[in-house]
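Enquirer: below is the sequence, then the predicted model.
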Number of protein chains: 2
Amino acid sequence: MDKELITKEFRSLQLEICHGLEQEDGKARFAEDAWTREEGGGGFSRIISHGNYLEKGGVNFSAVHGPVPAFLSRGEGSMKSDTQFYATGVSIVLHPQNPQVPIIHMNIRYFESSDGKWWFGGGIDLTPHYVNPDDARLFHTVLKNTCDQFDNNYYPRFKTWADDYFFIKHRNETRGIGGIFFDHLNEQSEGKTKEHLFEFTLAVGKTFLSSYLPIVQKNKSIPALDEHFQWQKIRRGRYVEFNLVYDRGTKFGLETNGRIESILMSLPPQADWLYNHQPAEGSEEARSLSYLKKGIKWV
Amino acid sequence: MDKELITKEFRSLQLEICHGLEQEDGKARFAEDAWTREEGGGGFSRIISHGNYLEKGGVNFSAVHGPVPAFLSRGEGSMKSDTQFYATGVSIVLHPQNPQVPIIHMNIRYFESSDGKWWFGGGIDLTPHYVNPDDARLFHTVLKNTCDQFDNNYYPRFKTWADDYFFIKHRNETRGIGGIFFDHLNEQSEGKTKEHLFEFTLAVGKTFLSSYLPIVQKNKSIPALDEHFQWQKIRRGRYVEFNLVYDRGTKFGLETNGRIESILMSLPPQADWLYNHQPAEGSEEARSLSYLKKGIKWV
């Protein structure tokens, strides 16, 4: 279970997911940009835009290494500054055209350092502009099924972790209807082998298409009016707020001198901010907001 | 020179500036929202939208107090956690309709704590979508004149400070053509009386209209094409990146449980992110980008 194998599997997964998304879109194709990082490593960014259902999105792969970045060598539990790290991952954010189709995010990652530490992390979460409870249940059911193949405690633990992580504190609302999130999983934390944790992380990655495409297929042809597009842009604004203020992946990218266009591919094509916008009582928009809280049991 | 007087003068300045901006706009009026903060204090947010030249903006006043927020009681030079603070300020961001009219920001602030510390801070900076060197010179000249009335060293020091502060590190570009920025000015740092520092800070606030309105008047009737509006939205995206990732005022607001709609009034009505957008060589847009660097001597 060495980093070369993990890296190879992650890169294959990226290509497999791009292929699946292109098949469904039927129009747009991913364009690949290879990039290298001065301090070591690089990646392949695959970007899609102006598709039939995908307005803008990216499926990125990276494998970077070098001295541990400053923010990891500060504070408690910190690493010595001469430690070397290696990190590889796949990261996806897709912004669909149709306001009835949710924004999706998936990320899996592996980290190791020259002092013998290693861990896996990952997550998938769904951000509907309009929350449809049936879709939310479907999404969480698929995630739970994947988790349960590895450990019955994974889904409840990682669902709660997602509720806490994908939370816009200053708005007191969750980013969307959640999903699963996990970080720093290793032998000590889980009492599981590295192989088990790798297989689980990869399985989460492979769940991406089966958790998202059925929801795309169900919603992509629902007609949308101007007011729906307006609401979509407001919700995209919230997505920007989460990613720039709280997201650890974005922070890690900015602090490790990552490729900026790959890190910020998560930002939507367009976002609006209206001062103090409140949806009308009883509207679809207000109903959607009422679902943006922690602790909802979707399964 | 007590906090009541400072607070009163800041609130008057807010109203004076709103009046001046309304006169120039000729159409839109500021609407005032009063708000209170659970831990103590509150403010008056004055928001304008859909004006003749002002698309969206705010001129905010606040005076808040309470126990020092957690992030000020951590780390070096920290305050004891039972310290009380009082902070008052005026904060402005205006997003104009016309891409040829620059975004403007101004902020002045006073902070004191129950352990006897106090300081003034402030700044004005201009963010043109299209950089016009004549306007940049005019803007910096007005700021320099104000500074020179108090101390000949203020302009060069605070201009450099603005270059360093209004910098989007991950893009390696300044937010705009800068201006002045200063923070933590007090008797120890400056060898000046509290009265002098207050008068200087207030003078910076009063310079707002005379530094900005001439630039508005000169540019607001220049016809704009679709491509100019597209570029404006891309530059507004950069403004969002700066404010959510780096701006200390935003951070202070989020961490002190400030009123979120007042803090985020700085965000533009609309922003776009295009993947890896590069303006054509020799274009107006490329020329504008070439001015977004530190150390340009405009005066």
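Expert: That came in fine, so what should we check first?
Enquirer: let me know the pLDDT of residue A:227.
Expert: According to the per-residue confidence, residue A:227 scores 96 in pLDDT.
Enquirer: that one belongs to a helix?
Expert: Yes - per DSSP: H, G, I helix; E, B strand; the rest coil, residue A:227 lies within a helix segment.
Enquirer: with adjacent residues omitted, what lies nearest to residue A:3?
Expert: Spatial nearest neighbour of residue A:3, chain neighbours left out: residue A:86 (5.6 Å); criterion: Cβ to Cβ, 6 or more residues apart in numbering or on different chains. Placement of C-beta: from N, CA and C, glycine included.
Enquirer: could you give the bridge partners of that neighbour?
Expert: residue A:65, residue A:112 (DSSP bridges).
Enquirer: pretty sure it contacts residue A:68?
Expert: No - with contact taken as Cβ atoms under 8 Å, residue A:86 and residue A:68 are classed as non-touching, separated by 10.4 Å.
Enquirer: mind listing what's buried along the helix or strand hosting residue A:19?
Expert: Assigned by DSSP states H and E, residue A:19 falls within helix A:3-25. Of the residues in helix A:3-25, those with enough neighbours to count as buried (16 or more other Cβ atoms under 10 Å in any protein chain shown) are A:3, A:6-7, A:9-11, A:13-14, A:17-18, A:20-22, A:24-25.
Enquirer: common neighbours of residue A:86 and residue A:68, please.
Expert: Overlap of the contact sets of residue A:86 and residue A:68 (by Cβ atoms under 8 Å, 6 or more residues apart in numbering or on different chains) consists of residue A:113.
Enquirer: count of residues packed around the residue nearest to residue A:3?
Expert: Neighbour count for residue A:86, taken as other Cβ atoms under 10 Å in any protein chain shown: 19.
Enquirer: what is the least confident helix or strand in chain A?
Expert: In chain A, the helix or strand scored least confidently by mean pLDDT, DSSP states H and E is helix A:248-255, which has a mean of 85.
Enquirer: pick the one among the buried residues of helix A:3-25 closest to residue A:146.
Expert: residue A:13 (13.9 Å; Cβ to Cβ).
Enquirer: tell me the contacts of the closest one?
Expert: The neighbourhood of residue A:13, defined by Cβ under 8 Å, 6+ apart, consists of A:90, A:108, A:202, A:205, A:206.
Enquirer: show the average pLDDT along the helix holding residue A:19.
Expert: Confidence for helix A:3-25, expressed as mean pLDDT, is 97.
Enquirer: can you name the next helix or strand after that helix?
Expert: Reading on from helix A:3-25 to the C-terminus, the next helix or strand found by DSSP H and E is strand A:31-36.
Enquirer: for that following strand, packing partners?
Expert: For strand A:31-36, the packing partners by 3 or more Cβ pairs under 8 Å, 6 or more residues apart in numbering or on different chains; DSSP states H and E come out as strand A:41-49, helix A:260-263.
Enquirer: can you put the ones you listed in JSON lines and add mean neighbour count and distance to residue A:131?
Expert: Formatted as JSON lines, the entries for the helices and strands packed on strand A:31-36 read as follows, by neighbours: other Cβ atoms under 10 Å in any protein chain shown; distance: least, Cβ to Cβ, whole Å:
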{"stretch": "strand A:41-49", "mean neighbour count": "21", "distance to residue A:131": "25"}
{"stretch": "helix A:260-263", "mean neighbour count": "21", "distance to residue A:131": "28"}
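Enquirer: picking that back up, chain center to the helix holding residue A:19, what's the gap?
Expert: For helix A:3-25, the distance from its own C-alpha centre to the chain's C-alpha centre is 15 Å (Cα atoms, centre = their mean, to the nearest Å).
Enquirer: kindly export that helix (C-alpha atoms) in CSV.
Expert: Provided in CSV are the C-alpha atoms of helix A:3-25 (Å, rounded to 0.1, in the frame of the first residue of the first chain):
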residue,chain,number,x,y,z
LYS,A,3,1.9,6.1,-2.3
GLU,A,4,2.5,5.2,-5.9
LEU,A,5,-0.4,2.8,-6.0
ILE,A,6,-2.7,5.2,-4.2
THR,A,7,-1.7,8.0,-6.7
LYS,A,8,-2.3,5.7,-9.7
GLU,A,9,-5.8,4.7,-8.5
PHE,A,10,-6.7,8.3,-7.8
ARG,A,11,-5.7,9.4,-11.3
SER,A,12,-7.7,6.5,-12.8
LEU,A,13,-10.7,7.5,-10.8
GLN,A,14,-10.4,11.1,-12.1
LEU,A,15,-10.6,9.8,-15.7
GLU,A,16,-13.4,7.4,-15.0
ILE,A,17,-15.5,10.2,-13.4
CYS,A,18,-14.9,12.6,-16.3
HIS,A,19,-15.9,9.9,-18.8
GLY,A,20,-19.2,9.3,-16.9
LEU,A,21,-20.0,13.0,-16.7
GLU,A,22,-19.3,13.5,-20.4
GLN,A,23,-21.5,10.6,-21.3
GLU,A,24,-24.4,12.1,-19.4
ASP,A,25,-23.8,15.6,-20.6
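Enquirer: any idea of the angle it forms with strand A:31-36?
Expert: Using axes from the mean of the first three to the mean of the last three Cα atoms, to 10 degrees, the direction of helix A:3-25 lies 160 degrees away from that of strand A:31-36.
Enquirer: please point out which parts of stretch A:109-129 sit buried.
Expert: A:109-113, A:118-129.
Enquirer: tell me the contacts of residue A:200?
Expert: Shown in contact with residue A:200 (Cβ under 8 Å, 6+ apart): A:120, A:147, A:150, A:151, A:154, A:185.
Enquirer: against residue A:146, how distant is it?
Expert: Between residue A:200 and residue A:146 the computed distance is 8 Å (Cβ to Cβ, to the nearest Å).
Enquirer: hang on, the earlier thing: tabulate the CA atom coordinates of the least confident helix or strand of chain A in CSV.
Expert: Only the C-alpha atoms of helix A:248-255 are listed here, as CSV (Å, rounded to 0.1, in the frame of the first residue of the first chain):
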residue,chain,number,x,y,z
ARG,A,248,-9.8,23.6,4.4
GLY,A,249,-8.9,22.3,0.9
THR,A,250,-8.9,25.9,-0.4
LYS,A,251,-6.9,27.0,2.5
PHE,A,252,-4.4,24.2,2.0
GLY,A,253,-4.1,25.0,-1.7
LEU,A,254,-3.6,28.7,-1.0
GLU,A,255,-1.0,28.1,1.7
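Enquirer: got a list of contacts for it?
Expert: With contacts defined as Cβ under 8 Å, 6+ apart, helix A:248-255 is touched by A:69-71, A:91, A:107, A:109, A:243-244, A:258, A:260, A:262-264, A:266, B:169-170, B:245.
Enquirer: so how far is that helix from its chain's centroid?
Expert: Using Cα atoms, centre = their mean, we find the averaged C-alpha position of helix A:248-255 to lie 13 Å away from the chain's own average C-alpha position.
Enquirer: check what pLDDT the one residue in the stretch 1-150 of chain A that gets nearest to chain B gets.
Expert: As assessed by Cβ to the nearest Cβ, chain B sits closest to residue A:47 within the stretch 1-150 of chain A, at 5.0 Å. pLDDT for residue A:47: 96.
Enquirer: ok, it - contacts?
Expert: If a contact means Cβ under 8 Å, 6+ apart, then residue A:47 has A:30, A:31, A:33, A:56, A:57, A:58, A:265, B:275, B:276 as its contacts.
Enquirer: got the phi/psi numbers for the last one?
Expert: Listed backbone geometry of residue B:276 is phi 50, psi 40, with angles given as degrees, to the nearest 10.
Enquirer: near chain B, which residues of chain A are found?
Expert: Contacts of chain A with chain B, taken as Cβ under 8 Å from any Cβ of the partner chain, map to A:33, A:47, A:49, A:56, A:58, A:169-171, A:233, A:237, A:240-241, A:244-245, A:254, A:260-261, A:263-265, A:267-276.
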